[in-house]
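Trainee: Structure, please.
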Amino acid sequence: MANSVLIVGAAPGLSAALACLCTRNGMAVALAAHNINKREAIFAETDASQHLCDASDADQVASLFAELDNTIRTPDMVVYNP
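Mentor: All right, here's what the predicted structure looks like:
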């Protein structure tokens, strides 16, 4: 089983449900979005690390994975939910 997950495109709905499911299953969760405003409920429910990232910008994606080295390490699973 995976120990950590990165969910890109974090928002209410599918991303939030996946984050909660992963948290309940003991996974470390990182949430990334180009705008993390209005995402407080997801972060509160999951204790996920939060990251600003525009997934269409390769430099920002590289920076995101560098940041993850300091939190959940290299994620075992990545979900891209644009």
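Trainee: does the closest residue in space to Ile7 that isn't next to it in sequence belong to a helix or a strand, and which?
Mentor: Among residues not flanking Ile7 along the chain, Val79 sits closest, at 4.7 Å (C-beta to C-beta, 6 or more residues apart in numbering). Glycine gets a C-beta too; all of them are placed from N, C-alpha and C. Val79 belongs to strand 77-80 when assigned by DSSP states H and E.
Trainee: what does that strand contact?
Mentor: Residues outside strand 77-80 that contact it (C-beta atoms under 8 Å, 6 or more residues apart in numbering) are Ala2, Ser4, Val5, Leu6, Ile7, Val8, Gly9, Ser15, Leu18, Ala55.
Trainee: 7 Å instead, please
Mentor: For strand 77-80, the surrounding residues in contact (C-beta atoms under 7 Å, 6 or more residues apart in numbering) are Ala2, Val5, Leu6, Ile7, Val8, Gly9, Leu18, Ala55.
Trainee: Which among these count as buried?
Mentor: The neighbour-count test (16 or more other C-beta atoms under 10 Å) marks Val5, Leu6, Ile7, Val8, Gly9, Leu18, Ala55 as buried among these.
Trainee: Partner strands of the helix or strand harbouring the second one and their direction?
Mentor: By that I understand Leu6. Assigned by DSSP H and E, Leu6 belongs to strand 4-8. Strands adjacent to strand 4-8 in the sheet, as given by DSSP bridges, are strand 28-33 (parallel), strand 77-80 (parallel).
Trainee: Much appreciated, bye for now.
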